[in-house]
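Asker: Got a sequence here, can you model it:
(2 chains)
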Amino acid sequence: QVHLAESGGTVVQPGTSLRLSCVASGFSFNTYAFHWVRQAPGKGLDWVAVIWYDGSYKYYADSVKGRFTISRDNSKTTVYLEMNSLRPEDTGVYYCARDRCSTSCYAGMDVWGQGTTVTVSS
Amino acid sequence: DIQMTQSPSSLSASIGDRITITCRATQNIDNYLNWFQQRPGQAPILLISRASDSRRGVPSRFSGSRSGTDFTLTITSLQPEDFASYYCQQTYSGPFTFGQGTKLEMK
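Answerer: The predicted structure follows:
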């Protein structure tokens, strides 16, 4: 069945790096765009980044631009989020979700993973 | 960047009530507006896409509408499972911002 599974979350110190993975199954991976969305404890949803179906377009929230990099490997049906220079305010649950995008994203994030928890603390 | 202002931030209602949640965009986003429901400890669920397209499997008591840059989520005849948090999100142009969220609580 259609499924997304995030992994890689852990406890890290400020200033360090971490890579999250999102493995997809059950659908045509290379026809979908993917978003990363995070949620700090007790807070709302915070959009982080998106990558187009072919990797040709990437966009980032201002709060992570220059520190985070989104990428994908269509042969492994996996999306990544490379996070550098981590800050305490990056703490939260990180979700990946699929969508369909051309100039805008038009289908809605209809499939989400269960999330992976990142804690940035000294 | 496009900002989304969602209101109210919290709402107290009873089983069977009709409620509305509103999101306003700071500029035109056409109908690139989605609504999500999130229960505690769970991933969000897409309820409505493109402002008014209800997703398959979503109960018909959930509906969305648009008037210019104002968007509304309406839930008629609240059921116990509807008490959750709700978020709007624009996907017209990046960054694809969410509203601040509305926590729907039982009166």
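Asker: what does chain A have sitting close to chain B?
Answerer: A:35, A:37, A:44-47, A:50, A:59-62, A:95, A:97, A:99, A:101, A:104-110, A:112-115 (C-beta under 8 Å from any C-beta of the partner chain). C-betas here are computed from N, CA, C, even on glycine.
Asker: how about a cut-off of 6 Å?
Answerer: When proximity is defined as C-beta under 6 Å from any C-beta of the partner chain, chain A approaches chain B at A:44, A:45, A:47, A:59, A:61, A:95, A:104, A:105, A:108, A:109, A:110, A:112.
Asker: which of these tops the neighbour count?
Answerer: residue A:109 (28 neighbours; other C-beta atoms under 10 Å in any protein chain shown).
Asker: out of the residues of chain A next to chain B, who's nearest residue B:71?
Answerer: residue A:108 (13.4 Å; C-beta to C-beta).
Asker: Next up, phi/psi of the closest residue to that closest one other than its chain neighbours, please.
Answerer: With C-beta to C-beta, 6 or more residues apart in numbering or on different chains as the criterion, residue A:108 has its nearest non-adjacent residue at 3.3 Å, and that residue is residue B:49. Backbone torsions of residue B:49, given as degrees, to the nearest 10, read phi -120, psi 160.
Asker: Enumerate the beta-bridge partners assigned to residue B:49.
Answerer: Beta-bridge pairing for residue B:49 (DSSP bridges): residue B:53.
Asker: Tell me, how many residues neighbour residue B:91?
Answerer: Count around residue B:91 with other C-beta under 10 Å applied: 27.
Asker: Confirm for me that it is in contact with residue B:30.
Answerer: No - counting by C-beta atoms under 6 Å, residue B:91 does not reach residue B:30; the two are 10.1 Å apart.
Asker: JSON lines for the residues of chain A next to chain B, including pLDDT and secondary structure?
Answerer: Output for the residues of chain A next to chain B, formatted as JSON lines (pLDDT from 0 to 100; DSSP: H, G, I helix; E, B strand; the rest coil):
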{"residue": "A:44", "pLDDT": "98", "secondary structure": "coil"}
{"residue": "A:45", "pLDDT": "98", "secondary structure": "strand"}
{"residue": "A:47", "pLDDT": "98", "secondary structure": "strand"}
{"residue": "A:59", "pLDDT": "96", "secondary structure": "strand"}
{"residue": "A:61", "pLDDT": "98", "secondary structure": "coil"}
{"residue": "A:95", "pLDDT": "98", "secondary structure": "strand"}
{"residue": "A:104", "pLDDT": "90", "secondary structure": "coil"}
{"residue": "A:105", "pLDDT": "90", "secondary structure": "strand"}
{"residue": "A:108", "pLDDT": "92", "secondary structure": "coil"}
{"residue": "A:109", "pLDDT": "97", "secondary structure": "coil"}
{"residue": "A:110", "pLDDT": "96", "secondary structure": "coil"}
{"residue": "A:112", "pLDDT": "98", "secondary structure": "strand"}
